[in-house]
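In: predicted model and sequence follow; I will ask about them next.
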Amino acid sequence: MHTNRRDLLLAGACAASTALFCSVAARLKAEEPNPPPETTTIRLAKNPSICIAPQYVVSDLLNAEGFTNVVYIESDAGVGQTKAIAKGDIDFTLHFSGPLLLEIDRGASITVLAGIHVGCFELFAKEGIRSVADLKGRTVGQQGVGSSPHVFISAMATLVGLDPAKDIEWVTSASVKPIELFAEGKIDAFLGFPPEPQRLRAQNIGHVIVNSALDRPWSQYFCCMLAGTREFVRKNPIATKRVVRAMLRATDLCVSEPALVAQRMVDRGFTPRHDYAVQTLADVPYNRWRQYDPEDTIRFFALRLREARMLKSNPAKIIADAADWRFLNEVRRELGS
Amino acid sequence: MNLEADPTSFLGQRPLSAAPRASGDGASVKDGLLGFELRRSLRTKLLIAFFVIEMLLVSVGVIGLLSLREADQRANQVVGLQQKIEAYRQMQHGALRQLYGVSTALAFPNETTLAGALRQINQFGYDLDRVSFVAKDEVALLDQVREEYARFIAVVSHIVDLIRNGRAAEAKQSELAELGPLADKLERLTNQMVNRAEADMVAGIDASRQTYARSQILVAAVAIASFVLTLVLGHAISRSVIDPVRTIHHGLNRIAAGDFTQRIEVANRDELGELAAHVNSTCEELQQAALPKP
């Protein structure tokens, strides 16, 4: 059998990543405080979005926290995922706060537990569109009403005085993904989340008018947040804290070991493109969860979505009903700043 | 005919003995405070009716005034929150101006630009004092802002010193590594304060709407109650006045036609009841007078 240098490198990387995860897991095992979690099964979402990399590499850390059965349940990256967590089909997920807030406003039993990373969305547009205000009267692709792109663009449009419902011509296509419509030139703008921006940049399609990781005010708030089923959080506080801790440790790994995290995502079938995964981990700021205030993210997006008339509740009510920072505060103290 | 004056009679006269009606049966009460008799006279009935209607009108007015007072309080709150937001934004601009001043001093290191950068520090301090004044309730956040502000000022002063000493590269490094992140943090903190103030404003607007909706329901309920009460009172008063007047009218018609045998039945214990008793007495006397004398 012929072994080339690339195979050797890959094998080396795999071995190193396994060793690293094992060492983190072993350390966790060693410092495991009593009591054990109330349940040993955790159900997480699996979808095409790869900005939620911590969720895809957290399984080893969850094993070390005492969860023997970590299940990934297929869901879409949009409305379906929010509904799944509202129904209790998924215990925890990392998701953009906007759709979570809409579902909470409708009375869904969701508890937001922590902020994970800052902006991963990028708004791509055709030539001639230079700002969000230029989207007036233009066609914008979305997966569905209430999906992350729809919510985010609505918030952005409202902030510059557009009425997203009237001023933007939304194109919803069930059969063709918005990114394909944009690549074919059938729509004027499109909000992509990893790996879509990486693909569009690689293919040199369109140009970015808003990068939520860099552009204010979006870059000053969390994008994806850790949310759990309220019932699970209420019934299983120990398990919840362990999940929060494992997820934040996984987020730290995305900063300290991006190459290994990317490799693991590919190895476990969460994404086929290693290069896009590496780029995503380099582009998305995973190092802000200690500094940023997740409550302010909820407040900010609740204000914007209320301005867009997509939300009825006021921010104070949403925070009172659906946010629980106790676990985050404890884990912050444990993991240090 | 015995029609001598009687101080207890509504009409100022005592009914004739032929009408043995109870007139002083306890319904008549002297009210020393009000200074007039609270008997079931027509005047008392009308006074009570108008008093009830007046009370309803007053209650509608009171509800309106309370709603206005609440609206006024909310408006004052909103003005206070707007002042807060304006002060927060001013501070945010101050941080940005400070960054700009340092960048300019780095790009064109001379005494004018350095003095400009240092002057900005005073302006920033003024902005912070203003925030401290308008946002006394945001103690924890303000403490954080003050802490970051102190660090920010220290870094700016350090950078200006480095530039003055000709160490531009170190100054640039310090600007990138320290000043930028500090300005970011200050901006986030002020954003947080702005968002809180906006959220308070939204909550205030919600509360105002709820108050308005409650007031609407209350005023509508009082209006409906007034309407119903007015109908009931009007009906009751008209019944107690018009019906006896009609009965007396018919009785007088019969007397005019020479029929002295029938008596008027009026149950009122007011002036009309007394009038009916008088008519009956008169009728009885006329009947006796009309009898053929033996």
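Out: Right, received. Where do you want to start? Treat the numbers as computed from the prediction; the structure is a model and nothing was measured.

In: is the one helix or strand A:V244 maps to anywhere near chain B?
Out: A:V244 belongs to helix A:237-256 when assigned by DSSP states H and E. No: Helix A:237-256 lies out of reach of chain B by CB under 8 Å from any CB of the partner chain, never closer than 15.9 Å. C-beta: built from backbone N, CA, C; applies to glycine.

In: buried stuff in that helix?
Out: Neighbour-count burial for helix A:237-256, counted by 16 or more other CB atoms under 10 Å in any protein chain shown, picks out A:238-255.

In: next: stretch A:141-161.
Out: Those would be A:141-144, A:146-159, for stretch A:141-161 by 16+ other CB under 10 Å.

In: list the helices and strands the helix or strand that the helix holding A:V244 is followed by packs on?
Out: As assigned by DSSP H and E, the chain's next helix or strand after helix A:237-256 is helix A:258-267. Here helix A:258-267 touches helix A:5-30, helix A:53-56, helix A:237-256, helix A:274-283, going by 3 or more CB pairs under 8 Å, 6 or more residues apart in numbering or on different chains; DSSP states H and E.

In: mean pLDDT lowest for which of the ones you listed?
Out: Comparing mean pLDDT across the helices and strands packed on helix A:258-267, the weakest is helix A:5-30, with a mean of 55.

In: okay, and B:I53 sits in which element?
Out: Going by DSSP H and E, B:I53 is in helix B:42-107.

In: and for A:G141?
Out: Short version, using DSSP H and E: A:G141 is in strand A:139-142.

In: pretty sure A:F124 belongs to a strand, no?
Out: Yes: A:F124 forms part of a strand when assessed by DSSP: H, G, I helix; E, B strand; the rest coil.

In: could you find the closest non-adjacent residue to the residue of the stretch 101-250 of chain A found nearest chain B?
Out: Distances between the stretch 101-250 of chain A and chain B by CB to the nearest CB are smallest at A:Q220, namely 5.3 Å. Nearest non-adjacent residue to A:Q220, counting by CB to CB, 6 or more residues apart in numbering or on different chains: B:R188, 5.3 Å away.

In: which residues touch the one you found?
Out: B:R188 sits next to A:Q220, A:Q291, A:Y292, A:D293, A:D296 when contact means CB atoms under 8 Å, 6 or more residues apart in numbering or on different chains.

In: the same query, at a cut-off of 10 Å, please.
Out: Going by CB atoms under 10 Å, 6 or more residues apart in numbering or on different chains, B:R188 touches A:P217, A:S219, A:Q220, A:Y221, A:R288, A:Q291, A:Y292, A:D293, A:D296, B:Q92, B:E148.

In: how near is the last one to chain A?
Out: Distance of B:E148 to chain A, computed by CB to the nearest CB, to the nearest Å: 12 Å.

In: can you give me the neighbour number for that residue?
Out: 19 (other CB atoms under 10 Å in any protein chain shown).

In: am I right that B:A267 falls within a helix?
Out: No: the assignment for B:A267 by three-state DSSP gives coil, which leaves it out of any helix.

In: I figured it hits B:A277, correct?
Out: No: using CB atoms under 10 Å, B:A267 is not in contact with B:A277; the gap is 11.5 Å.

In: more neighbours, the two?
Out: Taking other CB under 10 Å, B:A267 and B:A277 do not tie; B:A277 has more neighbours (24 against 11).

In: need the mean per-residue confidence for stretch A:66-85.
Out: Rounded mean pLDDT across stretch A:66-85 is 83.

In: with just CA atoms, put it into CSV.
Out: This file holds the C-alpha atoms of stretch A:66-85, laid out as CSV (Å, rounded to 0.1, in the frame of the first residue of the first chain):
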residue,chain,number,x,y,z
GLY,A,66,-21.4,12.2,32.3
PHE,A,67,-23.6,12.1,29.3
THR,A,68,-23.2,8.6,27.7
ASN,A,69,-25.7,9.1,25.0
VAL,A,70,-25.3,12.2,22.8
VAL,A,71,-27.7,12.2,20.0
TYR,A,72,-27.7,14.5,17.0
ILE,A,73,-31.1,15.1,15.4
GLU,A,74,-31.3,16.3,11.8
SER,A,75,-33.0,19.6,11.5
ASP,A,76,-32.9,22.6,9.2
ALA,A,77,-30.9,25.7,10.1
GLY,A,78,-34.0,27.8,10.4
VAL,A,79,-37.5,27.7,11.5
GLY,A,80,-37.6,23.9,11.9
GLN,A,81,-34.8,24.0,14.5
THR,A,82,-36.6,26.6,16.6
LYS,A,83,-39.8,24.6,16.4
ALA,A,84,-38.0,21.4,17.3
ILE,A,85,-36.6,22.9,20.5
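
In: related to what we said a few turns ago, now, the buried residues of stretch A:141-161 that are in strands?
Out: Members of the buried residues of stretch A:141-161 lying in strands (criterion: DSSP state E): A:G141, A:Q142.

In: find the centremost residue of chain A, please.
Out: A:C224 (3.7 Å; CA atoms, centre = their mean).

In: and what about that one, helix, strand or coil?
Out: strand.

In: equivalent analysis for A:L113, please.
Out: Going by three-state DSSP: A:L113 is strand.

In: in this structure it contacts A:M225, no?
Out: Yes: in this structure, A:L113 is within contact of A:M225 by CB under 10 Å, at 7.6 Å.

In: tell me, what's touching those two both at once?
Out: In contact with both A:L113 and A:M225: A:P294, A:A323, using CB under 10 Å, 6+ apart.

In: number of nearby residues for A:D188?
Out: 24.

In: next up, the contacts around residue 208.
Out: I'll assume chain A. A:E122, A:L123, A:F124, A:A125, A:G192, A:P197, A:L200, A:R201, A:L214, A:D215.

In: wait, chain B was what I had in mind.
Out: Contacts of B:S208 by CB under 10 Å, 6+ apart are B:S67, B:E70, B:A71, B:Q73, B:R74, B:A75, B:Q77, B:V78.

In: which among those count as buried?
Out: If we count by 16+ other CB under 10 Å, the contacts of B:S208 have these buried: B:S67, B:E70, B:R74, B:Q77.

In: please, which helix or strand holds A:G269?
Out: Going by DSSP H and E, A:G269 is not in any helix or strand.

In: residue 45 - nearest residue in space that isn't next to it in sequence?
Out: Chain wasn't specified; assuming chain A. A:T93 (4.1 Å).

In: that was the other one, I meant chain B.
Out: B:I237 (6.1 Å).

In: so the one you found, which state does it fall into?
Out: B:I237 - assigned by three-state DSSP - is helix.

In: could you report the distance from it to B:A276?
Out: The gap separating B:I237 from B:A276 is 18 Å, by CB to CB, to the nearest Å.

In: out of these two, which sits in the busier spot?
Out: Comparing B:I237 with B:A276 by other CB under 10 Å, the one with more neighbours is B:A276, at 24 against 15.

In: enumerate the residues of the stretch 201-337 of chain A near chain B.
Out: Counting by CB under 10 Å from any CB of the partner chain, the positions of the stretch 201-337 of chain A adjacent to chain B are A:216-217, A:219-221, A:288, A:291-293, A:295-303, A:306-307, A:312-319.

In: doesn't B:V279 make contact with B:N253?
Out: No: between B:N253 and B:V279 there is no contact, the gap being 11.3 Å when judged by CB under 10 Å.

In: for the one residue in the stretch 51-200 of chain B that gets nearest to chain A, give me its contacts.
Out: Here the stretch 51-200 of chain B gets closest to chain A at one residue, B:A199, 4.0 Å apart by CB to the nearest CB. Going by CB under 10 Å, 6+ apart, B:A199 touches A:296, A:298-300, A:302-303, A:306, A:314-319, B:81.

In: that older thread, report the mean confidence score over the helix holding B:I53.
Out: 81.

In: buried sites along whichever helix or strand comes after it?
Out: As assigned by DSSP H and E, the chain's next helix or strand after helix B:42-107 is helix B:111-134. Within helix B:111-134, the residues scored as buried using 16+ other CB under 10 Å are B:T113, B:L114, B:G116, B:A117, B:Q120, B:I121, B:F124, B:D127, B:L128, B:R130, B:V131, B:V134.
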